[in-house]
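Asker: coords please:
(2 chains)
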Amino acid sequence: MESGHIIEIRGLTKKFGTFTAVDHISFEVGKGEIFGFLGANGAGKTTAMKILCGLSKPTSGEGKVAGFSINGEQEKIKRHIGYMSQKFSLYADLKVWENIRLFGGIYGLKRKVIAERTDAIIQSLGMQDWKDSLVGSIPQGWKQKLAFSIAMIHEPQIVFLDEPTGGVDPETRRKFWEMIYEASDRGITIFVTTHYMDEAEYCDRVSIMVDGQIVAVDSPKVLKEKYAAENMDVVFRTLARGSIRQ
Amino acid sequence: MYFIEARNISKGYGSFKALDRVSLQVRKGEIYGIIGPDGAGKTTLFRILTTLMLFDNGNAEVEGFDVVRDYVKIRRIIGYMPGHFSLYEDLSVEENLDFFATIFGSSVAAGYETVREIYSQLEPFRKRKAGKLSGGMKQKLALCCALIHKPSVLFLDEPTTGVDAISRKEFWNMLERIKAGGVTVLVSTPYMDEALLCDRISLIRQGRIIDSGTVDSIIERYPYSLLAVSGERIFPVLKILRQLKGVVSCFAFGTEHHVAVCKETVTVENIRQILVENGFADCAVRNISPGIEDCFMQLAGKE
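Answerer: Sure, this is the predicted structure:
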């Protein structure tokens, strides 16, 4: 995009019957940014994220993700973004290399390209010894690194991470963020949701959703100054306390 | 005598060791936390203590009753809230409560005082189907259903997983009030910060308990000195710090890095000087006390 933004959203709204899950949100995400998408349960994060990933249509509003319209170009969006979540990422009963091949195939990569990238992923993660292991049998930290690499197998410009570190042990969680930083250094945009407020501090900018609306979007530093808060946890609590949704 | 006691419980699934000689001693009336990541064995331990699963070795008692031999007695005196929502979605709020009271041979009226405070928030929705409630409301209803027969001990398996920071806080406030009513609470969580809300805890990882006690006692056993480094661009600093002699580990903690160093080898001054030499003159370095996450990472690394 000419603007240097990889996401540009204007007035995005999603209604389910009379319920407005997402209410006129507007924001943009710059190329290479680590953008934290925060909000309490039920604030509308998942609904908004589904639209950004091309899995759901907005009721109104417009915008582009990776250069494609959220109204009508959903299939192109899906092909040009990466996605990973804690709940689902890999097939436990397939081997490491089989998972890589499967996702490479889903993204329509050629056999030769898949073979090259399989080697590259296994090399860069240092997983040579695990290549033929079932994914279900490898330690969680490795699974997570592998899932993140596979989410980028088709070289997307942006990766959506939906609570990638939920339920993960403290060291694995931190090492995962180091991988996020490395990806960001390579120019990949990271769009991430989390319930850990210390992780909000690692983002270049964060948005906070309350009752379907974005009530704040800025760098953690500016938000902490604005709300005279010592950390992002306090900022989040201050803003989310205004919620009237149950 | 302890209220809940487990001695060297082991449980395998095929060749996978879900629990490896786990021992646990919970006192009457305390909130006891089992804290560890996914896959550590928390749910297996809860299923064993709630008499829903047999195990390979060891023994365990709840209120003096053996979890294998006396399972019928134990089932009457415990409340159990499993990790996944386990109420009847097509029954209304009040029908669910009535159902759980009845299967325990009690009634909503008899147990009402125990749940009154929490249930009062659900009462406006009492005709609504449980499946149509919000996440927070479902959780409150599940808690009421686990409490309606006035159990003496409550087992809560990951009640706050995937729950946002505000609802988590609210939930822990409810637990404090339940404890004040004389109920012993055994609760599991992957969130390390919730350790501070328990009277005593066990840290669990890969089927093994790696330490137990009050949070303060676990922190006191931390064997290193801990420094915090903060600055404008601190991710590149991680690699520099990790290469230093005397540095045991270095990880990001929000806006700071926590650097564990062998006692009396590396000082605040040493680190500051090295950062200046590497072009990070704006970084601040100070001594800090470890938190429970620092302890977990140190104990996990030792294994």
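
Asker: next, the buried residues of the helix or strand harbouring B:R7.
Answerer: B:R7 belongs to strand B:4-13 when elements are defined using DSSP states H and E. By 16 or more other C-beta atoms under 10 Å in any protein chain shown, the buried positions in strand B:4-13 come out as B:I4, B:E5, B:A6, B:I9, B:K11. C-beta: built from backbone N, CA, C; applies to glycine.

Asker: so the last one bridges to which residues?
Answerer: Meaning B:K11. Applying DSSP bridges to B:K11 yields these beta-bridge partners: B:L19.

Asker: just the helices in the stretch 151-300 of chain B please.
Answerer: Per DSSP state H, counting those that start in this stretch, the stretch 151-300 of chain B carries helices over the ranges B:165-180, B:215-220, B:235-242, B:268-277, B:292-302.

Asker: reformat those helices as CSV; add mean neighbour count, distance to B:D199 and mean pLDDT.
Answerer: Shown next, in CSV, are those (neighbours: other C-beta atoms under 10 Å in any protein chain shown; distance: least, C-beta to C-beta, whole Å; pLDDT from 0 to 100):
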stretch, mean neighbour count, distance to B:D199, mean pLDDT
helix B:165-180, 16, 8, 90
helix B:215-220, 15, 9, 98
helix B:235-242, 17, 35, 89
helix B:268-277, 16, 34, 92
helix B:292-302, 19, 14, 93
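
Asker: of all those helices, which one is nearest A:E178?
Answerer: helix B:235-242 (6.9 Å; C-beta to C-beta).

Asker: near chain B, which residues of chain A show up?
Answerer: Where chain A comes near chain B, counting by C-beta under 8 Å from any C-beta of the partner chain, the residues are A:39-42, A:140, A:163, A:166-172, A:174, A:177-178, A:181, A:195, A:197-198, A:201-202, A:220, A:231-233, A:236-237, A:240-241, A:243, A:245-246.

Asker: which residues does the residue nearest the centre of chain B contact?
Answerer: Note on chain B: the residue nearest the mean C-alpha position is B:T189, at 2.9 Å, using C-alpha atoms, centre = their mean. Each residue near B:T189 by C-beta atoms under 8 Å, 6 or more residues apart in numbering or on different chains is listed here: B:G33, B:I34, B:I35, B:E158, B:P159, B:T160, B:T161.

Asker: ok, 6 Å please
Answerer: Counting by C-beta atoms under 6 Å, 6 or more residues apart in numbering or on different chains, B:T189 touches B:I35, B:T160.

Asker: how near is it to B:P159?
Answerer: Counting by C-beta to C-beta, to the nearest Å, the separation of B:T189 from B:P159 is 8 Å.

Asker: quick revisit: which one of the helices of the stretch 151-300 of chain B lies nearest to A:I114?
Answerer: Between the helices of the stretch 151-300 of chain B, helix B:235-242 lies closest to A:I114; by C-beta to C-beta that is 31.4 Å.

Asker: how does the chain divide into domains?
Answerer: Looking at chain A here, since you left the chain open. The record's domain parsing of chain A by automatic domain parsing lists A:1-80+A:158-246, A:86-155.

Asker: wrong chain, I was asking about chain B
Answerer: Listed domain ranges for chain B are B:4-219, B:222-302 (source: automatic domain parsing).

Asker: got the residues of chain B near chain A?
Answerer: B:37-38, B:134-135, B:164-166, B:190, B:235, B:251-252, B:254-255, B:293, B:296-297 (C-beta under 6 Å from any C-beta of the partner chain).

Asker: B:S10 and B:D56 touch, don't they?
Answerer: Yes: if you go by C-beta atoms under 6 Å, B:S10 and B:D56 touch, sitting 5.0 Å apart.

Asker: low-confidence ranges, chain A, go.
Answerer: Scanning chain A for pLDDT under 70 picks out A:1-3, A:88, A:245-246.

Asker: now B:Y191: closest residue in space, sequence neighbours ignored.
Answerer: B:T160 (6.4 Å; C-beta to C-beta, 6 or more residues apart in numbering or on different chains).

Asker: related to what we said a few turns ago, return the member of the residues of chain B next to chain A nearest to A:L90.
Answerer: B:D38 (14.4 Å).

Asker: the strands in the chain, which residues?
Answerer: All of this is about chain A. Along chain A, the segments classed as strands by DSSP state E run A:5-16, A:19-30, A:34-39, A:60-65, A:68-69, A:81-85, A:158-162, A:189-193, A:205-210, A:213-218.

Asker: think we crossed wires, I meant chain B
Answerer: Using DSSP E, strands in chain B cover B:4-13, B:16-26, B:31-35, B:57-62, B:65-66, B:78-81, B:153-157, B:184-189, B:200-205, B:208-213, B:225-230, B:247-253, B:256-261, B:284-288.

Asker: and the shortest one, average pLDDT?
Answerer: When pLDDT is averaged over strand B:65-66, the result is 98.

Asker: now what about that strand, what contacts it?
Answerer: Outside strand B:65-66, the residues that reach it (C-beta under 6 Å, 6+ apart) are B:K73, B:I74.

Asker: which strands border that strand, and is each parallel or antiparallel?
Answerer: strand B:57-62 (antiparallel).

Asker: okay, buried residues for the strand it pairs with please.
Answerer: B:G58, B:A60, B:E61, B:V62.

Asker: where do the helices of chain A begin and end?
Answerer: Under the criterion DSSP state H, chain A contains helices at A:45-52, A:74-80, A:96-106, A:111-125, A:140-151, A:170-185, A:197-200, A:220-226, A:232-240.
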